[in-house]
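build me a model:
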Amino acid sequence: MAASASCRSPLVWFFSLAAALFFASWYLLLDSAAAPAALDARRQGLRSPTPATKCDPDKALLRVYMYDLPLEFHFGLLDWKPATGGALWPDLLRRGVPEYPGGLNLQHSIEYWLTLDLLASEQGAPTPCNAVRVRDPARADVVFVPFFASLSFNRHSKVVPPARTSEDRALQRRLIEFLAARPEWRRSGGRDHVVLAHHPNGMLDARYKLWPCVFVLCDFGRYPHSVANIDKDVIAPYLHMVDNFFNDTAGYNHRPTLLYFQGAIYRKDGGFIRQELYYLLKDEKDVHFSFGSVAGNGIEQSTRGMRASKFCLNIAGDTPSSNRLFDSIVSHCVPIIISDEIELPFEDVVDYSKFCIIVRGADAVKKDFLINLIKGISQEEWTSMWNKLKEVERHFEYQYPSQHDDAVQMIWKTIARKVPSIRLKINRLRRFSRFEANKTNESPARSSWLQNQAR
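Numbers count the residues shown, from 1 in each chain. Predicted structure coming up:
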């Protein structure tokens with residue numbers, strides 16, 4: 001009997017341990033898969049969208065030819081593998097969509113959402129059909145390059161020995177080789193190609209060879225004017241990190257904090273102004289100006305802080321822009337923008353003065369200037385801006401399936417407005433194509449900042 005009990009004891013211990021490990025692993029799996037509510041809302045249609053009628057290219061605002069780049073340039077960076085060998089793109093209706101990594105990776109995930117929308121237009125998944133994928137490049141208004149450059153930089157910018165260069169740089173080199181061999185590129189010199197490099201360090205090497213393209217960027221802070229500028233390129237919003245403020249009734253009298261900022265205070269480049277403003281504002285009544293980061297519960301703190309504030313500071317940092325502006329917009333906290341070099345998304349059709357206060361840096365650092373300016377804004381004027389924020393916030397929302405006039409559709413419309421200029425450039429380029437190769441020896445100037453980063 002004793003021998004039998006002693007035999008059962010290790011078995012009981014073994015099964016108890018196995019059960020404990022199972023439940024622990026299941027909890028960790030759920031925890032790792034958890035996402036903020038806003039991200040859940042963006043992904044609500046990822047798994048099985050309702051089939052819709054395929055988009056008609058003849059009725060589309062923008063006809064887009066998308067290269068069938070190898071997996072390593074796009075969904076392969078998400079560790080996605082097709083269910084059937086040889087497939088390059090996910091089947092949105094039957095197989096769902098690979099999920100994008102969370103955290104700060106998300107703020108520059110623009111290429112992911114645009115690529116999904118193009119695939120939806122072809123596969124019959126729901127989409128407003130403003131941009132439609134076409135298989136014949138001769139029918140296309142633009143050529144889309146589906147390289148997830150921001151994710152490539154975030155995941156593969158470090159050199160892993162024994163390699164002598166990073167995988168990100170290797171991918172950029174292979175992309176240049178791919179494009180150089182394409183007749184679509186040679187036909188236009190790349191001027192009708194759309195390249196997404198939303199992360200400020202995305203395409204760090206390739207940008208100098210791709211300079212004729214239409215870039216989709218967050219700002220021009222790390223680009224010389226000869227490579228990227230507002231005349232040919234598109235500024236896209238960041239994906240906001242705080243949750244949407246649905247059913248917001250927290251008006252003027254329900255937001256006790258006058259002015260809110262939480263983030264890094266000591267920054268390089270143009271961000272020195274944060275330090276000056278910190279010393280000017282830190283002791284002001286009803287002003288929250290403190291250090292903060294996304295670590296721990298930083299996003300939750302920012303969500304609560306912005307929702308309890310009338311005005312939110314958006315100050316230049318290492319680059320002219322940040323996702324803080326778009327966090328402010330979806331929190332319905334009137335943005336105070338202090339960034340002299342900032343470019344704002346869709347500004348040719350969106351009047352930011354209706355819902356933002358934009359202040360020159362030289363004025364903002366004058367003693368009492370900013371606090372007097374804010375206190376001089378009446379409750380009626382603030383309420384008008386608050387209501388406008390709720391009206392325009394949809395323009396800054398990334399989601400799948402994409403919706404009418406959300407960020408994805410606003411980007412496509414902005415690119416469509418560039419098409420006449422693109423055609424003019426290409427037609428001028430062809431003037432003497434009968435007599436000489438359609439090539440250009442032009443090369444843009446390099447900036448010292450980028451030269452240092454590329455070493």
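
which SS class is the residue nearest to residue 354 when sequence neighbours are not counted?
Nearest non-adjacent residue to residue 354, counting by C-beta to C-beta, 6 or more residues apart in numbering: residue 388, 4.9 Å away. All C-beta spots, glycine's among them, are computed from the backbone N, C-alpha and C. At residue 388 the chain is in helix, as set by DSSP: H, G, I helix; E, B strand; the rest coil.

same deal with residue 290?
Recorded secondary structure, residue 290: strand (three-state DSSP).

who are the contact partners of the closest residue to it other than its chain neighbours?
Nearest non-adjacent residue to residue 290, counting by C-beta to C-beta, 6+ apart: residue 262, 5.5 Å away. Neighbour list for residue 262: 288, 289, 290, 291, 292, 298, 301, 302, 305 [criterion: C-beta atoms under 8 Å, 6 or more residues apart in numbering].

surely residue 176 is in contact with residue 207?
No: taking C-beta atoms under 8 Å as the definition, residue 176 is not a contact partner of residue 207, at 10.6 Å.

doesn't residue 356 make contact with the residue nearest to residue 354?
No: counting by C-beta under 8 Å, residue 388 does not reach residue 356; the two are 9.3 Å apart.

so for those two, which sits in the more crowded spot?
The residue with more neighbours, out of residue 388 and residue 356, is residue 356; 22 against 18, by other C-beta atoms under 10 Å.

pop out the phi and psi values for the more buried one.
Dihedral pair for residue 356: phi -130, psi 160, per degrees, to the nearest 10.

and it, how far from residue 175?
Residue 356 sits 36 Å away from residue 175, taking C-beta to C-beta, to the nearest Å as the criterion.

now the strands for the stretch 1-150 of the chain?
Taking DSSP state E, counting those that start in this stretch as the criterion, the stretch 1-150 of the chain contains strands spanning 62-66, 131-133, 142-145.

looking at the ones you listed, which is buried most?
Greatest average neighbour count among these goes to strand 131-133 (a mean of 26), per mean count of other C-beta atoms under 10 Å.

which secondary structure elements does that one contact?
The contact analysis (3 or more C-beta pairs under 8 Å, 6 or more residues apart in numbering; DSSP states H and E) places strand 131-133 against strand 62-66, helix 110-123, helix 407-429.

list the strands paired with the shortest one, with their directions.
For strand 62-66, the paired strands and their directions (DSSP bridges) read strand 131-133 (parallel), strand 142-145 (parallel).

quick one on the thing from earlier: could you dump the contacts of residue 262 to JSON lines with neighbour count?
Formatted as JSON lines, the contacts of residue 262 follow (neighbours: other C-beta atoms under 10 Å):
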{"residue": "288", "neighbour count": "21"}
{"residue": "289", "neighbour count": "20"}
{"residue": "290", "neighbour count": "14"}
{"residue": "291", "neighbour count": "11"}
{"residue": "292", "neighbour count": "17"}
{"residue": "298", "neighbour count": "14"}
{"residue": "301", "neighbour count": "16"}
{"residue": "302", "neighbour count": "24"}
{"residue": "305", "neighbour count": "20"}
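
what's the farthest-apart pair in those residues?
Spanning the widest gap among these are 289 and 298, at 15.4 Å by C-beta to C-beta.

with mean pLDDT and distance to residue 182 as new columns, can the strands of the stretch 1-150 of the chain be given to me in CSV?
Below are the strands of the stretch 1-150 of the chain laid out as CSV (pLDDT from 0 to 100; distance: least, C-beta to C-beta, whole Å):
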stretch, mean pLDDT, distance to residue 182
strand 62-66, 98, 10
strand 131-133, 98, 17
strand 142-145, 98, 9
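
a markdown table for those, including distance to residue 162?
Listed next are the strands of the stretch 1-150 of the chain as a markdown table, based on distance: least, C-beta to C-beta, whole Å:
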| stretch | distance to residue 162 |
| --- | --- |
| strand 62-66 | 35 |
| strand 131-133 | 40 |
| strand 142-145 | 30 |
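
to residue 160, which of these lies closest?
Residue 160 lies closest, by C-beta to C-beta, to one member of the strands of the stretch 1-150 of the chain: strand 142-145, at 25.4 Å.
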